[in-house]
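**Student:** below are the sequence and a predicted model for it; my questions follow.
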Amino acid sequence: MPWDVLCTYAEVLHIKLPIQPNDLSSRPSPWRHFSCITKHFYPDEQLIMKETEFFTAPFEKDRLEYFHSRFNVKSEDEGSTSERYLLYREWAHPKSFYKMQPLNLIRKYYGEKIGIYFAWLGFYTIMLALAAVKLCIFDNFGTLVFAVFMSIWVTLFLEFWKRYQAELEYMWDTVEFLEQDEPPRPEYEAKCTHERKNPVTGILLILASIMGIIVYRLAAFFAFSAKLRAQDLKELQPLKEYVTPQMATAVTASLISFVVIMILNILYERVAIWITDFGDFF
């Protein structure tokens, strides 16, 4: 592709390029004194080396000399390991389940949106470790204590996630990121002949789902209660002690959810492929 075309689209798409190395000093981690132990929970630094951080700015042709002098793409060696293999070895492989995610490499390979999703997923999983200490709690006094604990946990989770998200936005230079800075790709605009607003809102779908679950569980509970309390069902007498209306309702609801999830997974896979081909972004 000609250089002039690359420069034109880089300016139109507001692509941010490095202009100056980041000379700001980072605050040392409080866990640095235990580095001999914590290093085993992080990806191998010999494989995934830390990259130099730069200050960036949207590309402009008028300031080409500033970007050109700083932006030097190094060619990979023939024997170097690909990023895809590094992600598989240090992130996706089952033997690396205990390691922290290489978020910078995930962001570099998949982009900021996918990177921030996996950052949230990892942060959420770590925070769930506190809630998982109580394991399974049945109907007793511990349920009330656990409910109070979870209300505090949710508040702490949201506040700490806001801080962590702001840190990632600064590190990945997406603080001033706006959706309008990502115009649709030309292939999509060529196939998009008309536009219309989506008449279905997410809020209505959520409310309908909640009401449907409540109505089903109430109906199933009363139906199982009537069946299990019937005196003429002698064949169910040995099971009445173990099969309660609450248990039967929960089991049937789980089975229905399992079937619906499996069907939706197949549907979502096809929709994801279709959106990738005709979606707004790469």
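**Tutor:** Received it, and whenever you're ready, just let me know what you need.
**Student:** drop to CA atoms for contacts and neighbour counts, all remaining ones
**Tutor:** Noted.
**Student:** and this protein, what are its domains?
**Tutor:** Under automatic domain parsing, the residue ranges defining each domain of the chain are 1-81, 200-278.
**Student:** ranking the ones you listed by mean pLDDT, which is last?
**Tutor:** When the domains of the chain are ranked by mean pLDDT, domain 1-81 comes last with a mean of 69.
**Student:** just checking, what packs against the longest helix along the chain?
**Tutor:** Counting residues, the longest helix found in the chain (DSSP state H) is helix 245-278. Applying 3 or more CA pairs under 8 Å, 6 or more residues apart in numbering; DSSP states H and E, we find helix 245-278 packed against helix 202-228.
**Student:** low-confidence ranges in the stretch 51-200 of the chain?
**Tutor:** Flagging of the stretch 51-200 of the chain using pLDDT under 70 yields the residue ranges 68-81, 133-141, 176-189, 192, 195-200.
**Student:** ranges for the helices of it?
**Tutor:** 64-70, 83-87, 103-110, 112-131, 141-171, 186-191 (DSSP state H, counting those that start in this stretch).
**Student:** quick one, which of these is nearest to residue 53?
**Tutor:** helix 141-171 (8.5 Å; CA to CA).
**Student:** could you give the angle of the closest one to helix 112-131?
**Tutor:** 150 degrees (axes from the mean of the first three to the mean of the last three CA atoms, to 10 degrees).
**Student:** what's the burial count for residue 17?
**Tutor:** By other CA atoms under 10 Å, the residues close to residue 17 number 19.
**Student:** next one: the one 3 residues further on
**Tutor:** Residue 20 has 16 neighbouring residues, counting by other CA under 10 Å.
**Student:** do you know how far it is from residue 149?
**Tutor:** Relative to residue 149, residue 20 is positioned 47 Å away (CA to CA, to the nearest Å).
**Student:** what does residue 24 give?
**Tutor:** As judged by CA to CA, residue 24 and residue 149 stand 39 Å apart.
**Student:** which of these two has more neighbours?
**Tutor:** The neighbour comparison of residue 24 against residue 149 (other CA under 10 Å) goes to residue 149, with 13 against 7.
**Student:** ok, the more buried one - contacts?
**Tutor:** Neighbour list for residue 149: empty [criterion: CA atoms under 8 Å, 6 or more residues apart in numbering].
**Student:** now residue 54: closest residue in space, sequence neighbours ignored.
**Tutor:** For residue 54, ignoring the flanking residues on the chain, the nearest one in space by CA to CA, 6 or more residues apart in numbering is residue 21 at 4.1 Å.
**Student:** and residue 98, by the same measure?
**Tutor:** Nearest to residue 98 is residue 41, by CA to CA, 6+ apart, at 6.2 Å.
**Student:** these two touch, right, the one you found and residue 100?
**Tutor:** Yes: using CA atoms under 8 Å, residue 41 is in contact with residue 100, at 6.0 Å.
**Student:** which one of those two has more residues nearby?
**Tutor:** Remark: of residue 41 and residue 100, residue 100 carries more neighbours, 17 against 14, as counted by other CA under 10 Å.
**Student:** need phi/psi at the more buried one.
**Tutor:** phi -70, psi 150 (degrees, to the nearest 10).
**Student:** do residue 17 as well
**Tutor:** phi -120, psi 150.
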